[in-house]
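**Q** let's see this in three dimensions:
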Amino acid sequence: MKQLGLLFGSTAQSAAAATAAFFLGIAAGSYVWGERLRHIRRPLFTYAMLELGIVIAALLFLLIFFAWNQIFPIVFSALGNTPIILTLSKLILAIVLIFPATFLMGGTLPVMGQYLVREASQLGKWSGWLYGINTLGAAAGAMLAGFLLIQWLGFKKTYALALTISALVGVIAYGLSRGESEFSVLSKHDIKTGRGKFATRLVLVAFISGFASLGLQILWTRMFVQVLQNSVYSYAAILTVFLSALSAGALLSRWLAGFQLNREVTLTWLLCLSAVSVLMVPFGFVAWTDGLSYIGDRSELQGYLIQVLISIVVLVGIPTTLMGMLLPYLYKYAEDMNARPGVIIGRLNSWNTAGAVVGSIIAGFVLLELIGLWSSIRLMGVIYLLTAILLTFQFAPEMNARIRYAPLVIMFLSVTVLDPGRLPNVRIQPLKNNEALLEVWESSGGTVAVLQRDDSLRVKLNNWYTLGGSGAVRMEQMQSHLPLQLHAEPTSVFYLGLGSGITAGTAMQYPVERVVVTELVNDVIKASKKYFAPHVNGLHEDPRVQLVHEDGRNYLRATRENFDLIIADLFIPWRSGVGYLYSLEHFQAAKNRLNSNGMFVQWVPLYQVSEREIGIISRTMLEVFPQVSAWRGDFYSEKPMMALIGHLDTKPLERNNALVKSSVQSLAAINAGKSDQVPLIAHYLGSLSTEQALIKDSLINTDDLPWIEYLAPESHRAVRAGKVDWFVEDSLLAFMRDLQAQSPSASDPFLKLMPAEIHRAVSAGLYLHEAAVARDREDTAAASEALAKARALLTPSQSG
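**A** Residues are numbered from 1 along each chain as shown. Coordinates of the predicted model:
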């Protein structure tokens with residue numbers, strides 16, 4: 001699935017296409033192989049062949065994947081302007097890529113079930129155990145891959161390990177099958193699969209179980225991303241707990257099947273209990289998080305993950321366990337069907353998985369946008385109740401009246417006492433921060449909100465991540481001013497990330513001919529257009545601009561268009577998926593999309609990376625670009641940003657460059673006493689080299705070994721625990737001094753054509769930053785001394 005994400009991009013639509021393709025294969029495999037069990041004499045031998053077939057199909061996936069990588073740019077250029085058709089093409093390709101393997105995977109459970117469960121009367125006893133162990137294995141795989149294997153081995157070796165295990169299982173099963181006793185082949189005349197109401201109720205509950213369980217998994221994941229770190233570890237924790245709880249439910253169902261209970265009554269109670277527990281989740285979540293506050297104290301990563309796991313178990317462990325009991329209990333329910341156990345397992349699993357496909361799509365793409373997160377969760381609980389009502393009134397009219405009316409009573413409570421409509425969907429602090437919520441959008445891409453704090457606006461994603469705002473106009477404008485003036489003559493610019501739109505809107509002040517902006521979340525585009533129009537210089541109406549709702553990394557890899565500048569926004573490094581925007585492959589794709597004199601600009605939030613991460617990002621860029629220059633984006637002490645600019649050659653900066661000219665003018669104005677604006681050239685730090693101490697021994701971040709994905713969350717928690725510092729203040733100053741010491745401005749090859757006043761301005765930049773750090777520490781003497789040194793360099797005529 002991760003490979004499909006890198007291939008198709010990280011938009012919600014692309015993720016849905018990959019997920020749907022995966023589960024469609026499982027559903028089809030469950031049904032087809034289940035039906036074939038009527039004619040299969042040796043199920044264990046068949047299981048062995050399925051496992052070995054999965055290995056072959058997985059290897060075939062790699063071949064098709066490689067071929068598609070070569071032709072994807074052609075498909076994208078043909079369909080990129082029609083998003084619906086492009087998404088459908090991704091779905092079709094995903095099916096082609098993974099259907100063979102998932103089709104075979106879908107057959108393993110019914111085939112193994114046929115081998116272990118010889119009689120339908122034993123379904124309740126053994127199938128719950130089989131399903132529980134199978135799901136527990138999936139949970140173990142999710143835990144190992146998410147927490148350990150990828151950072152130990154990388155994706156390729158982890159993939160190879162999984163195939164090796166599958167092959168070993170196949171070989172062992174083949175060896176055991178050599179003494180296997182054969183089943184008889186049934187003719188169509190001998191097959192009775194239970195038609196009518198009995199089969200209908202089984203299919204209905206199986207489908208609803210899959211629909212609601214995966215739909216809720218989508219919704220609960222969205223719920224938790226409002227309060228978690230949202231690193232790769234967070235998502236692994238959610239998936240591990242969800243699968244473990246489903247496994248626990250299956251094993252409890254096996255225990256429950258041992259009692260001689262009325263099956264209709266038991267199933268009704270399971271549906272009702274599932275509904276009640278689901279309906280309680282929003283209220284429990286808001287209370288547990290104290291109104292959507294961030295989960296996690298000042299512990300390091302290990303302690304933080306323990307808190308996250310406890311929170312997930314407490315909040316959704318019980319409802320997921322109850323949901324996990326439904327499908328396995330249906331096996332007990334189906335004991336009266338006169339059919340082979342494997343056939344029954346295959347049919348029920350196929351309908352359950354088909355429901356999962358529909359549920360995930362409906363929950364992610366329809367319900368969130370139409371009725372929001374909390375009401376969507378309530379609707380899932382109501383669906384359980386409606387199923388219970390149908391079961392009691394339509395299929396079991398003889399049931400006790402008190403039990404029959406229990407779902408109706410709970411339904412009434414769901415629209416009265418348990419109405420989640422009053423719960424917050426974004427945390428605001430009107431008293432502490434004078435905040436007001438202006439508008440919120442909920443969709444498959446995330447929860448986007450526009451907040452007003454005093455006189456400034458800000459746009460936030462998923463409750464915690466600020467994507468920009470009018471209160472930081474100068475900083476966001478600088479992200480465009482610096483590269484647009486540094487480039488000799490920029491006519492085409494690509495922006496990876498929109499945010500508030502202020503950065504991209506700054507390009508409208510320049511004589512550019514074309515601007516392409518990609519944004520992963522469509523509602524961010526809506527927020528920018530509606531609330532930030534006064535700050536974006538007509539960005540949304542300018543005919544030179546193309547705004548694209550697409551994964552920017554994927555767009556660069558697929559498009560045939562070249563650009564003079566590619567400007568990548570500030571990204572939060574520890575967020576899952578962001579590490580791939582700092583990967584070798586992404587930097588290479590960006591380089592390939594640059595014109596001959598083009599530059600790639602990667603802005604880095606130094607207040608969100610440690611020395612380790614900045615070393616990895618710098619080292620990775622140096623593997624791709626022959627020259628990487630570093631520029632400060634501001635002179636802030638606590639929240640500075642830095643631009644790493646990849647150049648296609650090692651040519652020095654020209655004297656007639658726009659940035660140099662504007663800097664000379666600024667220096668003249670400073671000397672004349674007409675301005676105190678810092679010249680842009682003072683933002684220059686130096687050219688990076690693999691010989692520098694920070695970079696020399698740093699790792700290279702690749703798609704296969706995504707170090708940023710795994711190390712940045714660790715650094716984030718270490719900073720919270722006070723064990724590590726962000727790359728600010730002293731560590732940043734040490735880096736700046738090291739750069740200037742190794743390559744002083746006067747001998748820097750990039751500045752060799754510059755006049756003396758430019759060299760002095762570069763040196764002054766360091767003192768200005770030292771002054772900012774000292775001022776924040778309330779060290780007045782040090783700040784005054786640093787400012788005096790900077791002033792002496794910027795105004796030599798006055799100082800002399």
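**Q** now do stretch 247-260: distance to the chain's middle.
**A** For stretch 247-260, the separation from the chain centroid amounts to 35 Å (computed by Cα atoms, centre = their mean, to the nearest Å).
**Q** same check on stretch 205-219?
**A** The chain centroid and the centroid of stretch 205-219 are separated by 21 Å, computed with Cα atoms, centre = their mean.
**Q** how about the strands in the chain?
**A** Ranges of strands within the chain are 435-443, 446-453, 456-461, 465-469, 492-496, 514-519, 545-549, 563-568, 594-605, 627-632, 641-647, 684-687, based on DSSP state E.
**Q** in the third one, what's buried?
**A** Read that as strand 456-461. Applying a neighbour-count criterion of 16 or more other Cβ atoms under 10 Å, the buried positions in strand 456-461 are Leu457, Arg458, Val459, Lys460, Leu461. Every C-beta, even on glycine, is put in place using the N, C-alpha and C of the backbone.
**Q** ok, the fourth one next?
**A** Neighbour-count burial for strand 465-469, with 16+ other Cβ under 10 Å as criterion, is recorded at Thr466, Leu467, Gly468, Gly469.
**Q** ok, the third one - contacts?
**A** What it means is Gly468. Residues in contact with Gly468 (Cβ atoms under 8 Å, 6 or more residues apart in numbering) are Arg458, Val459, Glu476, Gly499, Ser500, Gly501, Ile502, Thr503.
**Q** next one: the second one
**A** With contacts defined as Cβ under 8 Å, 6+ apart, Leu467 is in contact with Arg458, Val459, Lys460, Leu461, Gly499, Ser500, Val524.
**Q** grab the nearest non-local neighbour of it.
**A** Ranked by Cβ to Cβ, 6 or more residues apart in numbering and with sequence neighbours excluded, the top spatial neighbour of Leu467 is Gly499, at 4.0 Å.
**Q** what separation do you get for that neighbour and Leu37?
**A** As judged by Cβ to Cβ, to the nearest Å, Gly499 and Leu37 stand 55 Å apart.
**Q** likewise for Gln452?
**A** Shown here: Gln452 relative to Leu37, a distance of 63 Å by Cβ to Cβ.
**Q** same deal with Phe587?
**A** In terms of Cβ to Cβ, Phe587 sits 51 Å off from Leu37.
**Q** show me where pLDDT drops low in the stretch 351-500 of the chain?
**A** Flagging of the stretch 351-500 of the chain using pLDDT under 70 yields the residue ranges 395-402, 431.
**Q** hey, where'd the helices end up in it?
**A** With DSSP state H, counting those that start in this stretch as the definition, the stretch 351-500 of the chain shows helices at residue ranges 368-390, 401-404, 406-414, 473-486.
**Q** and the ones you listed as a markdown table, adding distance to Lys332 and mean neighbour count?
**A** Below are those laid out as a markdown table (distance: least, Cβ to Cβ, whole Å; neighbours: other Cβ atoms under 10 Å):
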| stretch | distance to Lys332 | mean neighbour count |
| --- | --- | --- |
| helix 368-390 | 17 | 22 |
| helix 401-404 | 18 | 13 |
| helix 406-414 | 21 | 18 |
| helix 473-486 | 61 | 21 |
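**Q** these: which one's closest to Leu520?
**A** Closest to Leu520 of these, according to Cβ to Cβ: helix 368-390, at 15.9 Å.
**Q** residues making contact with the closest one?
**A** The contact list for helix 368-390 (Cβ under 8 Å, 6+ apart) reads 204-205, 208, 211-212, 215-216, 219-220, 222-223, 268, 271-272, 274-276, 278-279, 281-282, 363, 367, 406-408, 410-411, 414, 418-421, 423, 425, 442-444, 447.
**Q** ok, stretch 490-497 next?
**A** 483-484, 503-504, 507, 510-520, 552-553, 556, 561-571, 581, 593, 595.
**Q** outside of stretch 410-421, which residues touch it?
**A** Stretch 410-421 is touched from outside by 272, 275-276, 279-280, 282-283, 374-375, 377-378, 381-382, 385, 389, with contacts defined as Cβ under 8 Å, 6+ apart.
**Q** one more time with 6 Å
**A** With contacts defined as Cβ atoms under 6 Å, 6 or more residues apart in numbering, stretch 410-421 is touched by Cys272, Ala275, Val276, Leu279, Pro282, Trp374, Arg378, Val382, Leu385.
**Q** try stretch 199-211
**A** 326-327, 330, 334, 348, 351-353, 355-356, 358-359, 387, 395.
**Q** what separates that stretch from the chain centre, distance-wise?
**A** Stretch 199-211 sits 31 Å away from the centroid of its parent chain (Cα atoms, centre = their mean).
**Q** in it, what's buried?
**A** Applying a neighbour-count criterion of 16+ other Cβ under 10 Å, one finds Ala199, Arg201, Leu202, Val203, Leu204, Val205, Ala206, Phe207, Ile208, Ser209, Gly210, Phe211 buried in stretch 199-211.
**Q** about what we covered before: may I see the strands of the chain organised as TSV, with distance to Pro749 added?
**A** Output for the strands of the chain, formatted as TSV (distance: least, Cβ to Cβ, whole Å):
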stretch	distance to Pro749
strand 435-443	49
strand 446-453	44
strand 456-461	41
strand 465-469	35
strand 492-496	27
strand 514-519	32
strand 545-549	36
strand 563-568	22
strand 594-605	17
strand 627-632	9
strand 641-647	12
strand 684-687	7
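**Q** the ones you listed: which one's closest to Leu787?
**A** The closest of the strands of the chain to Leu787 is strand 627-632. By Cβ to Cβ, the value is 16.5 Å.
**Q** if we can go back for a sec, could I get the helices of the stretch 351-500 of the chain as a markdown table with distance to Ala140?
**A** Shown next, in a markdown table, are those (distance: least, Cβ to Cβ, whole Å):
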| stretch | distance to Ala140 |
| --- | --- |
| helix 368-390 | 27 |
| helix 401-404 | 38 |
| helix 406-414 | 35 |
| helix 473-486 | 44 |
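**Q** looking at the ones you listed, which is closest to Leu659?
**A** helix 473-486 (4.0 Å).
**Q** show me what that closest one is packed against.
**A** Contact here means 3 or more Cβ pairs under 6 Å, 6 or more residues apart in numbering; DSSP states H and E; on that basis helix 473-486 packs against helix 502-506, helix 658-671.
**Q** touching it from outside, list them.
**A** Helix 473-486 is contacted by residues 468, 490, 502-503, 506-507, 510, 565, 567, 601, 603, 633-634, 658-659 when judged by Cβ under 6 Å, 6+ apart.
**Q** what's the farthest-apart pair in the residues you listed?
**A** The largest separation in these, counting by Cβ to Cβ, is between Gly468 and Ala658 at 25.0 Å.
**Q** nearest to Val536 among the contacts of Gly468?
**A** Using Cβ to Cβ, these come closest to Val536 at Gly501, 4.2 Å.
**Q** give me the pLDDT for the residue lying closest to Gln546 once chain neighbours are set aside.
**A** Excluding the flanking residues, the one nearest Gln546 by Cβ to Cβ, 6+ apart is Val516, at 4.9 Å. At Val516, the model reports a pLDDT of 98.
**Q** now do Ser743
**A** Per-residue pLDDT puts Ser743 at 84.
**Q** give me phi/psi at it?
**A** Torsion angles at Ser743 (phi, psi; degrees, to the nearest 10) stand at phi -140, psi 80.
**Q** got the contact list for it?
**A** Ser743 is in contact with Gly686, counting by Cβ under 6 Å, 6+ apart.
**Q** 7 Å instead, please
**A** Ser743 makes contacts with Gly686, Ser687, as judged by Cβ atoms under 7 Å, 6 or more residues apart in numbering.
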